[in-house]
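In: With the sequence up front, the predicted model follows.
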There are 2 protein chains.
Amino acid sequence: MERLDKDLAFMLRYENIAWYEDGKVKILDRRVYPIKVEFVICENHKEVAKAIKDMVTQSGGPYMAAGMGMALAAYEVKDRPKVEIMNYLKEAAYTLSHARPTTAKRMELIVNECLKVAEKAIESGGKIDEAIFNHTLQTVNERYKRTDKIAKSLVEQFPDEGCIMTQCFAESVVGLMLRQAKIKGKNIKLICPETRPYFQGARLTASVAYEQGFDVTIITDNMPAYVMKKKGVSLFTSAADVISLDGYVVNKIGTFQIAMAAHYYGIPYFVTGTPDKGVEKVSSVEIEERDGNYVLEVLGRRIAMDGVKGYYPLFDITPPEFVSGVVTDKGIYSPYDLKNYYRED
Amino acid sequence: MERLDKDLAFMLRYENIAWYEDGKVKILDRRVYPIKVEFVICENHKEVAKAIKDMVTQSGGPYMAAGMGMALAAYEVKDRPKVEIMNYLKEAAYTLSHARPTTAKRMELIVNECLKVAEKAIESGGKIDEAIFNHTLQTVNERYKRTDKIAKSLVEQFPDEGCIMTQCFAESVVGLMLRQAKIKGKNIKLICPETRPYFQGARLTASVAYEQGFDVTIITDNMPAYVMKKKGVSLFTSAADVISLDGYVVNKIGTFQIAMAAHYYGIPYFVTGTPDKGVEKVSSVEIEERDGNYVLEVLGRRIAMDGVKGYYPLFDITPPEFVSGVVTDKGIYSPYDLKNYYRED
C-alpha cells in the first residue's frame, strides 16, 4: 500500500490520528495540540467512543478512531466463542457510531463495513482485530486518495498568488491542498479564524499550514468579514460535517457567517467533501449542542460571573445561496444539484 | 448634583470607572473584571495615558479617565508658577487624548474643556485639580443623563418580551437601558457574544446585565448569525467608537458581521451614540491595529505554534445599509441623514 500521508504535517500522519497497536488505541489529543503533544490511550472500545465524544479527536479523526475502536473491540473478545464475538462487535459498532449525534450516519457506514470484515475473518479463521485494523488503514488511505482528488480540484480554484481563508480544521484536506498548492507553484497565504471555544483553527489548521511551509495568520472569530476586504481574501473554504442533498452545509459553528460575508464581498466559498447520500434534506440533521458552560471557560479558566449562562451549538447551517461549489473527488458540483454526484454515468 | 449611576451595576458606578483622589487616579481594571476586582493606581497622568493605551478601561471609561488624568496632571504641578502649569497641562492634554488613535477627536474635546476649566481656576485662584475633578464628574453625570435619554429611546424599540443581542461592552448604555427596561416592565433576555481577544462581552456586558437582574447568555463570536435565528433575537444593538456623518459605524471588531447577519434576517440593528461632528467621512478614521501576538494568546497563554502570525484590528466599519437607526439623546436618526442631528431647530 502506497501511503498518501507523505510530506504532510505531524498530526495528519496516520500513526498520529488514531492507531490500534498492542491491544490499545492511541489518539492524538487535538484538544491541546500543538501546545502539548499528548496521546489519549484507550484500553477498550468504550474509551474510544468516550474519546470521540469528548472531542479528543475531531473532523476526520473520529472516522479513523471508530475503525480502530472496532479492531480494539475485536481484541477485547478475541478468546470468546465466535457467536458472542459478533454480538459484542455489533454493540461496539452502535456505541462507536453514536458517540456524537450529528455524524452518526457517516459513522454507521464505517462500523458496518468493519462488521463485514469481521464476519469474513471469522469465516476464514483469520485474526479479527488485525483484519479490521488493516481494513481501517486501507480505508483511511483511500479516503486520503479521494481527498487528494478534492484537494486538486480545489487548488485549481486558487489564484496563482493570494490569500485563502479557512474555518475550523478541515483535517487531511488542509494538508493535501497545501501539498498540491506547492506542487502547482501557487503562492498562497492562509488566514485562519481561531474557532472558539476549542481554537481548532488556531491550533490545528495554522499548525499544519506552518509545518508545511506556508505563511499563516490567525484572527479571532469576530474578524473574518473585516479581514476579507482588508487583506484581499481570494477564496473561503471549509470542510463539512454534513452536506445535505438539498445543498446545505452543516459545519463548525461560524461557517455560516463567514460564508455570508464572503457572499457579500463576492468571494467564492468552496466546501470540500462528499454529499451525504442518506441526508435528503437538511431538516433531518440534528444540530448537536453541548453544555453551555464550555463557552464560559477558556482553556479551563472561567471568564464569566457566576449565574451567567452559556450556549454552545457545535454546528451551523449554510444555505446553498452562499455556497459557490461543493468540491468532491469527482469535481465541483453546484449545491443546487448534488444528486448529480450519485447519478450513473 | 443628583448622581445618575444609582441602581447600576458595580462597574458603572463612578468611583469604579476612574477616580481622582489623594493625588492618584484609580481605574477599575476591566481587562480582568469580574474574575478579579482590581484597580490600577496611577501616580501621574502619563500612567493614566498608559492605562488607557493598555485598555485597563475601555468604551466610555477612557473619557472619564482622561478628565481624571487632567486633574492629576494639575496636582503634579500644583506648586509651580502659573505659566508653567498651563504649558504642562497642554502637554498632558495631548498625551491623554492621543493615548489611542481612533478616539483622538473625542478625547481632544474632553481635555480641551479641562484646559478651559484650569484657566478659570487659575484666574479665580481656586484649586485647579479640584476644579477639573468636579468638572469631570459633572461631565460624566451629564453624559449619563444624555445616555439615559438614548437608553429610553432604545428601550422603546424593545419588544415587550424578547431577546436582545449586544456586542462588546457598550458601557453605561447597557446599565441604563436595562434599568429603563425594568421600569417599562419589558421582559428581556440578553445574548452577549464574548468579544475576543479580551472577552468584554462575556466579562463586562454579561456581568452588568446579571447584576441588574437579567437572564443573560454568552455565546462565542462565531455564533451570532446562527443564534439570531435559533433563539429568535428581536434586536441587535451596539455602541460606537465613531459614528461618521456619512452614516458608518466604527465599533469593536465583530460588529460588522453581526450587523450583516441581522440585516439578512430582517432584525433591526440600532447603534447608540452621538454622530461625530468632526468626522464628515468614515474614510478619515484610522482603524487602530495592535500587536498581532495578542490574538495568539488567551488570558496570557499562547495557543498557536511558534512561527504562526496573528492579526489584530480593533474595530471594523459597518456601512449605513446595515444600520436601522442611530439612537441619540435627541431621538433616532437615519444613518443617511446624520447631519440632521446638528441642524438648528
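Out: Cool, the structure landed. Numbering: from 1, shown residues only, chains lettered A, B, ... in the order given.
In: got the residue ranges for the helices in the stretch 201-345 of chain A?
Out: A:206-211, A:224-230, A:255-265 (DSSP state H, counting those that start in this stretch).
In: nearest to A:K277, of those?
Out: Nearest to A:K277, of all the helices of the stretch 201-345 of chain A, is helix A:255-265, at 21.5 Å by C-beta to C-beta. Using the backbone N, CA and C atoms, a C-beta is placed for each residue, glycine as well.
In: That closest one near chain B at all?
Out: Yes - judged by C-beta under 8 Å from any C-beta of the partner chain, helix A:255-265 comes into contact with chain B through A:256-257, A:260-261, A:264.
In: what do you get for stretch A:229-238?
Out: Yes - contact of stretch A:229-238 with chain B (C-beta under 8 Å from any C-beta) involves A:230-231.
In: what about that stretch, start to end distance?
Out: One end of stretch A:229-238 to the other measures 19 Å (C-alpha to C-alpha, to the nearest Å).
In: Please apply the same query to stretch A:259-275.
Out: End-to-end distance for stretch A:259-275, by C-alpha to C-alpha: 18 Å.
In: How about the residue in the stretch 101-250 of chain A that chain B sits nearest to, nearest residue that isn't a chain neighbour?
Out: Distance from chain B to each residue of the stretch 101-250 of chain A (C-beta to the nearest C-beta) is smallest for A:N222, at 2.8 Å. Counting by C-beta to C-beta, 6 or more residues apart in numbering or on different chains, B:G254 is the residue found nearest to A:N222 once chain neighbours are left out, at 2.8 Å.
In: Am I right that A:V323 is in contact with A:F256?
Out: No - A:V323 lies out of contact with A:F256 (C-beta atoms under 8 Å); the separation is 10.6 Å.
In: Give me the more crowded residue out of these two.
Out: Higher neighbour count among A:V323 and A:F256: A:F256, with 28 against 24, using other C-beta atoms under 10 Å in any protein chain shown.
In: Per-residue pLDDT of the more buried one, please?
Out: With respect to pLDDT, A:F256 has a value of 98.
In: OK, contacts around it?
Out: By C-beta atoms under 8 Å, 6 or more residues apart in numbering or on different chains, the contact set of A:F256 is A:316-318, A:322, B:225-226.
In: Where does A:K152 sit: helix, strand or coil?
Out: Here A:K152 is recorded as helix under DSSP: H, G, I helix; E, B strand; the rest coil.
In: circling back to that earlier point, the residue of the stretch 101-250 of chain A closest to chain B and A:D316: what is the separation?
Out: According to C-beta to C-beta, to the nearest Å, A:N222 and A:D316 sit 15 Å apart.
In: for A:A181, same thing?
Out: Distance, A:A181 to A:D316, using C-beta to C-beta: 27 Å.
In: out of those two, which sits in the busier spot?
Out: A:D316 (24 against 20).
In: residues in contact with stretch A:115-135?
Out: For stretch A:115-135, the surrounding residues in contact (C-beta under 8 Å, 6+ apart) are A:20, A:67-68, A:70-72, A:74-75, A:78, A:82, A:85-86, A:89-90, A:93, A:113-114.
In: Among those residues, name the buried ones.
Out: Applying a neighbour-count criterion of 16 or more other C-beta atoms under 10 Å in any protein chain shown, the buried members of the contacts of stretch A:115-135 are A:20, A:67-68, A:70-72, A:74-75, A:85-86, A:89, A:93, A:113-114.
In: ok, back up a step: for the contacts of A:F256, which one is nearest B:Y144?
Out: B:A225 (33.1 Å).
In: give the contact list for the closest one.
Out: Per C-beta under 8 Å, 6+ apart, neighbours of B:A225: A:256-257, A:260, A:316, B:257-258, B:261, B:264.
In: Apply 10 Å and report the result again.
Out: A:253-261, A:316, A:318, B:257-258, B:260-262, B:264-265 (C-beta atoms under 10 Å, 6 or more residues apart in numbering or on different chains).
In: So for stretch A:25-39, what gets flagged as buried?
Out: Of all the residues in stretch A:25-39, those buried under the rule 16+ other C-beta under 10 Å are A:25-31, A:33-35, A:39.
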